[in-house]
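> output the structure for:
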Amino acid sequence: MENSHFNVAPETPIERTFVTYVEDKPGVLNRVASLFRRRNFNIESLTVGHTDQPGVSCMTIVTNVDEYTARRVEGNLYKLVNVLRVEEVTHVPTVMRDLALIKVRADAETRTQVLQICDVFRARVVDVTQDSLIIESTGTEDKIDGLVQVLTSFGIIELVRTGRVAMTRGPQSPTIHPEFVHARVPEDVVT
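I've put the predicted structure just below:
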């Protein structure tokens, strides 16, 4: 009698997005990055910024893993001292955006074409020189990749991207109570 458990094909890794709320303290980013390094998980994108709650930062982490490994990532993140909340939002209605700044060659002959491309992609020009433009584009990875591909023929001088930020849709917000953040402050410390 054959056990079907042993005949299950391994799941294919996919790009997964984790929104992780952490205490805004020195060393937290290093601990998160070290966790991924120790477990040999590659970080595709990592974006960190302040939230509307004092003392809380939000990390958006993108990694390419299967379902089992995604559960391990989430569990290991929760083991870190300064992690307050972790949510994998890959299959949840979510708004995800990247930001790119693209410096492209644009002389008198090509400037109009580049500006028309910016209009099509809803990008905006944030700096102009005689021979170049800096374009700011916000949107999905696919949108930014498409813009970069079209601008390549004009000559991209420089390109920087932020990585993904994500927020779940709807009226709910993550439950991060201020007492969770400040609970670890010793009683003898004056705040």
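
> what residues sit buried inside stretch 124-144?
Buried residues in stretch 124-144, defined by neighbour count with 16 or more other CB atoms under 10 Å: 132-135, 137, 139, 141, 143-144. All C-beta spots, glycine's among them, are computed from the backbone N, C-alpha and C.

> now these in CSV, with pLDDT?
Below are the buried residues of stretch 124-144 laid out as CSV (pLDDT from 0 to 100):
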residue, pLDDT
132, 97
133, 97
134, 98
135, 98
137, 97
139, 95
141, 92
143, 96
144, 96
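
> what's the longest strand that the chain contains packed up against?
What stands out as the longest strand in the chain, according to DSSP state E, is strand 94-105. The contact analysis (3 or more CB pairs under 8 Å, 6 or more residues apart in numbering; DSSP states H and E) places strand 94-105 against strand 132-139, helix 141-151, strand 156-161, strand 165-168.

> in TSV: these, plus distance to residue 91.
Formatted as TSV, the helices and strands packed on strand 94-105 follow (distance: least, CB to CB, whole Å):
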stretch	distance to residue 91
strand 132-139	21
helix 141-151	17
strand 156-161	24
strand 165-168	11
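
> residue 63: which of the ones you listed is closest?
Residue 63 lies closest to strand 165-168 among the helices and strands packed on strand 94-105, at 13.0 Å (CB to CB).

> name the strands paired with that closest one and say parallel or antiparallel.
Strand 165-168 has the following strand partners under DSSP bridges: strand 94-105 (antiparallel).

> and the partner strand, what's buried?
With burial defined by 16+ other CB under 10 Å, the residues of strand 94-105 counted as buried are 96-100, 102-104.

> quick one: closest of the helices and strands packed on strand 94-105 to residue 14.
helix 141-151 (13.9 Å).

> quick one: residues contacting the nearest residue to residue 27 once chain neighbours are set aside.
The shortest distance from residue 27 to any non-neighbouring residue, by CB to CB, 6 or more residues apart in numbering, is to residue 82 (7.9 Å). The contact partners of residue 82, by CB atoms under 8 Å, 6 or more residues apart in numbering, come to 22-23, 25, 27-28, 31.

> again, 7 Å this time
For residue 82, the contact set (CB atoms under 7 Å, 6 or more residues apart in numbering) comprises 22-23, 25, 28.

> same check on residue 92?
Each residue near residue 92 by CB under 7 Å, 6+ apart is listed here: residue 168.

> could you give the mean pLDDT of the longest helix along the chain?
Assignment by DSSP state H gives helix 67-79 as the longest helix of the chain. For helix 67-79, mean pLDDT rounds to 91.

> re the thing from before, between the helices and strands packed on strand 94-105, which one is nearest to residue 50?
Residue 50 lies closest to strand 165-168 among those, at 12.0 Å (CB to CB).
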